[in-house]
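# the sequence isn't on hand, but the structure is:
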């Protein structure tokens, strides 16, 4: 991790990662601070899940998980502390650039994106498509969505880059949508290490129940009833002959 971060100083960012690991229960708690000339991030995670991050655009702290799954709340002033950390990060970034200005950056391309749906598909019911990409360095990637070949921006979001154990990063983008039969969606990923974007498609296909089994069962029932009727007829005739 440290080697890759040092090599990336000339590109755009400095990351400070604080990790607390409990030897008894094996829990991993991370605080991630990142900055560049035009952007920054601070996020707190537990077991790989984002508990809180600083939204510097809207000047507030955000709890991305639903309330029922994350009842923990950070102390008042956490966002203001994140703003201060950005100032410190940018100061350290400038010092590090001066120290490593002759080191060429190392670029790792992302893996092929994985696209999947959050809930089972029900036509006309709102759902979420998730496009996940990992293994890239430096962060971030850019993710673009399309519907039937047309660009889509409404209902899209992307989380902050999350570090992997090997020093690379992963990110997930989401698209809120309403499934309609035959629609085709795609997510396209770009990164400085790629010569061309990576694209993955997903199409809405809900199979309708077939009529074969129903017809077969109906036919079987009809044949069975005819057999009962025929047996009853011959039974009555046999009794009359007796």
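Alright, I've got the coordinates. Since this is a predicted model, take the numbers as computed values, not measurements.
# domain ranges for the chain?
2-99, 114-203 (automatic domain parsing).
# how about those in TSV, adding mean neighbour count and distance to residue 108?
No exception for glycine: its C-beta is placed from N, CA and C like everyone else's. Putting the domains of the chain into TSV (neighbours: other CB atoms under 10 Å; distance: least, CB to CB, whole Å) gives the following:
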stretch	mean neighbour count	distance to residue 108
domain 2-99	14	8
domain 114-203	16	4
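# the residue lying closest to residue 155 once chain neighbours are set aside and residue 90, how far apart?
Leaving aside its sequence neighbours, residue 155 sits nearest to residue 176 (CB to CB, 6 or more residues apart in numbering; 3.7 Å). Residue 176 is 34 Å from residue 90, where distance means CB to CB, to the nearest Å.
# what secondary structure does residue 91 sit in?
With DSSP: H, G, I helix; E, B strand; the rest coil as the basis, residue 91 sits in helix.
# so who does residue 202 touch?
Each residue near residue 202 by CB atoms under 8 Å, 6 or more residues apart in numbering is listed here: 115-117, 129, 184-186.
# follow-up on the earlier one: least confident of the domains of the chain, on average?
Sorting the domains of the chain by mean pLDDT places domain 2-99 lowest, at a mean of 76.
# any idea how far that one is from the chain center?
Taking CA atoms, centre = their mean, to the nearest Å, one finds domain 2-99 lying 19 Å from the centre of the chain it belongs to.
# can you tell me the helix or strand for residue 86?
helix 78-99 (DSSP states H and E).
# same check on residue 170?
Assigned by DSSP H and E, residue 170 belongs to strand 169-177.
# off-centre distance for that strand?
4 Å.
# tell me the strands beside that strand, with direction?
Partners of strand 169-177 in the sheet, by DSSP bridges, are strand 127-136 (antiparallel), strand 156-158 (antiparallel), strand 162-163 (antiparallel).
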